[in-house]
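Q: predicted model follows, preceded by the sequence.
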Amino acid sequence: MSLTRPRSRAIGANLIGQIDDFMSWLLFGHETWLVAVLKGVPLFLYIYFLIAYVPNYVYYGFSQYIPFLKFTPETAFIFAAAAAGGNFLVLIILALWTQAARGRRSFAWIFIRIVDFGQLLFVYLVMIPYLAFNMAGGTFVPPEGTEAFPIQSLVFGALVALLGAAALVFFAVEYRRVTRREARQAEAASAAYQAG
């Protein structure tokens, strides 16, 4: 009797392994200047979103938009400052656990890289397009007499989402290129060692 893994589990394990290898390269591997820019700018925007946007939403939500709260501006500011401080702590934890996962292969460390991959997708496909949508005049809570979803904001947000998807495709292509080159170099070094 053969103990084979069910096909769905094998596919899932293979996918997790590929994501883990990809994130190990993206977070810790050799990179070109373009890869560094495509990582650094979204990281800056992610920090900006957590430190500036989220507390701003907390402030207006607690002071104006959540009907059963309607706190005073001073009280809402305290909640907004607490949200900013909490988000700053989250950023520190994310940085520490990502660096701690470098080169480690247990379930917990792989899970951390999977979470980082989810954040990568969120930043490129949701957060940055939302910031672009917002910058072009779109809002989910429009002031009285204004349009919530002007066409230019929808188009700009969709365009930025497409650019984010293109950046992810570029990462995948660059990852394949680098890993194939490194595999060829390792194979050549192994052949030279065996020949010598």
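A: Structure received.
Q: only C-alpha atoms for contact and neighbour calcs from this point on.
A: OK.
Q: and the residue nearest the centre of this protein?
A: For the chain, the residue whose C-alpha lies nearest the mean C-alpha position (Cα atoms, centre = their mean) is Leu120; its distance is 2.0 Å.
Q: that one sits in which helix or strand?
A: Assessed by DSSP states H and E, Leu120 sits inside helix 107-122.
Q: next, the contact list for the residue nearest to the centre of the chain, please.
A: With Cα atoms under 8 Å, 6 or more residues apart in numbering as the criterion, no residue contacts Leu120.
Q: which residues of this structure fall in strands?
A: Listed in chain order, the chain contains no strands at all (DSSP state E).
Q: tell me where it is predicted with low confidence.
A: For the chain, the stretches flagged by pLDDT under 70 are 1-9, 196.
Q: need the longest helix for this protein.
A: What stands out as the longest helix in the chain, according to DSSP state H, is helix 151-195.
Q: check the gap between the residue nearest to the centre of the chain and Gly137 for me.
A: Distance, Leu120 to Gly137, by Cα to Cα, to the nearest Å: 25 Å.
Q: you'd agree Ala81 is up against Pro55?
A: Yes - distance between Ala81 and Pro55: 6.7 Å, which falls inside the contact criterion (Cα atoms under 8 Å).
Q: what's the distance between the helix holding Leu120 and the middle of its chain?
A: How far helix 107-122 lies from its chain's middle: 9 Å, per Cα atoms, centre = their mean, to the nearest Å.
Q: in it, what counts as buried?
A: Within helix 107-122, the residues that qualify as buried by neighbour count (16 or more other Cα atoms under 10 Å) are Trp109, Ile110, Ile112, Arg113, Ile114, Asp116, Phe117, Leu120.
Q: Thr32: neighbour count?
A: Thr32 is flanked by 8 other residues according to other Cα atoms under 10 Å.
Q: Ala191 too?
A: Residue crowding around Ala191 was assessed by other Cα under 10 Å; the count is 11.
Q: and it, how far is that from Ala10?
A: 32 Å.
Q: check Tyr130 too.
A: From Tyr130 across to Ala10, the span is 36 Å (Cα to Cα).
Q: higher neighbour count, those two?
A: Counted by other Cα under 10 Å, Tyr130 and Ala10 do not tie: Tyr130 has more neighbours, with 22 against 12.
Q: what residues are up against the nearest residue to that one once chain neighbours are set aside?
A: For Tyr130, ignoring the flanking residues on the chain, the nearest one in space by Cα to Cα, 6 or more residues apart in numbering is Gly157 at 6.2 Å. Listed by Cα under 8 Å, 6+ apart, the contact set of Gly157 reads Pro129, Tyr130, Leu131, Ala132, Phe133.
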